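1. Predicted model, plus sequence, below.
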Amino acid sequence: MQNRAWGNEYRMTLVCVDDYQDSILRGRLYNPYFSTGSSFQSLMEFLRRMEELLDEMQFPQSFTAVRAFGDPPQRKAASPPVQEVQEGKCATFSVRVLFRQNASWQGSVTWLEGKREESFRSALELVLLMDSALLEETSKSQKRVPVSPSCGA
């Protein structure tokens, strides 16, 4: 039997969305692998941070090598810390990546405020699910009270 390097809790990454103005995603990632959160200022930065996390943990392992025009960035090792409890200003998602096949991610995402979970078959589908939840949250906020500047659509 093969020993696993990481427990099941490392599969879950908390995505705290603090700003979603003009469909630009800004927030933080939390995973037990990080000692603190990792912030992102755009969708591309979110995807890179997630991929870097998965690469550093090698969990789940990628079935294909990432291709790039230049040399791949050097990765640095980290030790697993205790996870902090965090919440996004606009929305909070729990992302569970189960597989990394076909140069993408497969798993499930739970929208914590909406208490809904959906499976995704690609990083694009994950992003579209998160977008739909953020748009729904924004539309609910507009009906109740004026939307805060950080979460407007």
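-> Happy to help now that I have it.
2. Would you map the helices across the protein?
-> Using DSSP state H, the helices found in the chain span residues 43-57, 123-144.
3. Could you check how far the longest one is from the centre of its chain?
-> Average the C-alpha atoms of helix 123-144, do the same for its chain, and the two points are 15 Å apart (CA atoms, centre = their mean, to the nearest Å).
4. That one: which residues count as buried?
-> Across helix 123-144, burial judged by 16 or more other CB atoms under 10 Å covers 123, 125, 126, 127, 129, 130, 133, 134, 137, 138, 141. In short, each C-beta sits where N, CA and C put it, glycine included.
5. Give me the number of neighbouring residues for the nearest residue to residue 106 once chain neighbours are set aside.
-> Nearest non-adjacent residue to residue 106, counting by CB to CB, 6 or more residues apart in numbering: residue 99, 4.4 Å away. Counted with other CB atoms under 10 Å, residues neighbouring residue 99 total 14.
6. Could you tell me which residues make contact with residue 12?
-> Counting by CB atoms under 8 Å, 6 or more residues apart in numbering, residue 12 touches 31, 94, 95, 96.
7. List the ones among those residues that fall in strands.
-> Among these, DSSP state E puts 94, 95, 96 in strands.
8. Any chance of JSON lines for those, columns distance to residue 20 and pLDDT?
-> Below are these laid out as JSON lines (distance: CB to CB, whole Å; pLDDT from 0 to 100):
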{"residue": "94", "distance to residue 20": "17", "pLDDT": "96"}
{"residue": "95", "distance to residue 20": "16", "pLDDT": "97"}
{"residue": "96", "distance to residue 20": "22", "pLDDT": "95"}
